[in-house]
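Pasting a predicted model and its sequence here:
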Amino acid sequence: MNTDENDEDEIIVTKDSNGAILANGDSVIVIKDLKVKGSSVTLKQGTKIKNIRLTDNEEEIECHADGLRNLVLKTMFLKKG
C-alpha cells in the first residue's frame with residue numbers, strides 16, 4: 001500500500017471572501033461592482049447569483065447572471081448568501 005498522497009486524491013476547497021466554504025448550487029452575493037469583459041454590462045454590488053458551479057480552480061466559480069451566460073467569477077469578490 002502506497003502512503004504517499006497523489007495529486008488526484010487532493011480535494012479542492014473553494015471559499016468566498018469571508019472564508020465560508022462554497023458548494024455547487026450555492027448562492028453568492030457580489031461585494032464589489034465588477035465590469036464584465038467582452039460586454040458593456042457591470043455586475044453591481046449586492047447582485048445575488050444563484051446556483052453556482054465550482055471549477056477546478058479554487059479561486060473561481062462559474063455562473064449565470066443578469067442575462068449573461070457562462071460567467072467565471074473570482075471568489076475574492078463574492079460572499080455566500
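Done, it's in. Keep in mind it's a predicted model, so treat the numbers as computed, not measured.

so where do the helices sit in this structure?
Using DSSP state H, no helices are found in the chain.

Could I get the full set of strands for it?
28-30, 34-35, 42-43, 48-49, 53-54, 60-65, 68-74, 78-80 (DSSP state E).

if we look at the last one, which residues are touching it?
Going back to what we said before, that points to strand 78-80. Counting contacts by CB atoms under 8 Å, 6 or more residues apart in numbering, the residues outside strand 78-80 that touch it are 16-18, 20, 22, 26-31, 49, 61. Quick note: C-beta positions are derived from backbone N, CA and C, even for glycine.

Report the beta-bridge partners for the most centrally placed residue in the chain.
Nearest to the geometric centre of the chain sits residue 61, at 2.7 Å (CA atoms, centre = their mean). Beta-bridge pairing of residue 61 under DSSP bridges involves residue 54, residue 73.

That one and residue 53 touch, don't they?
Yes: at 6.6 Å, residue 61 counts as touching residue 53 under the criterion of CB atoms under 8 Å.

Could I get the contacting residues of the closest residue to residue 30 other than its chain neighbours?
Excluding the flanking residues, the one nearest residue 30 by CB to CB, 6 or more residues apart in numbering is residue 47, at 4.5 Å. Counting by CB under 8 Å, 6+ apart, residue 47 makes contact with 29-30, 65-66.

nearest spatial neighbour of residue 45, skipping sequence neighbours?
In this structure, residue 45 finds its nearest non-sequential neighbour in residue 33, 5.4 Å apart by CB to CB, 6+ apart.

Where neighbours are concerned, which of the contacts of strand 78-80 has the most?
Per-residue neighbour counts (other CB atoms under 10 Å) across the contacts of strand 78-80 peak at residue 28, which has 25 neighbours.

what about that residue, distance to residue 13?
Distance, residue 28 to residue 13, by CB to CB, to the nearest Å: 15 Å.

now swap in residue 29 and tell me
Here the criterion is CB to CB. By it, residue 29 lies 20 Å from residue 13.

Kindly report the same for residue 51.
Taking CB to CB, one finds residue 51 at 20 Å from residue 13.
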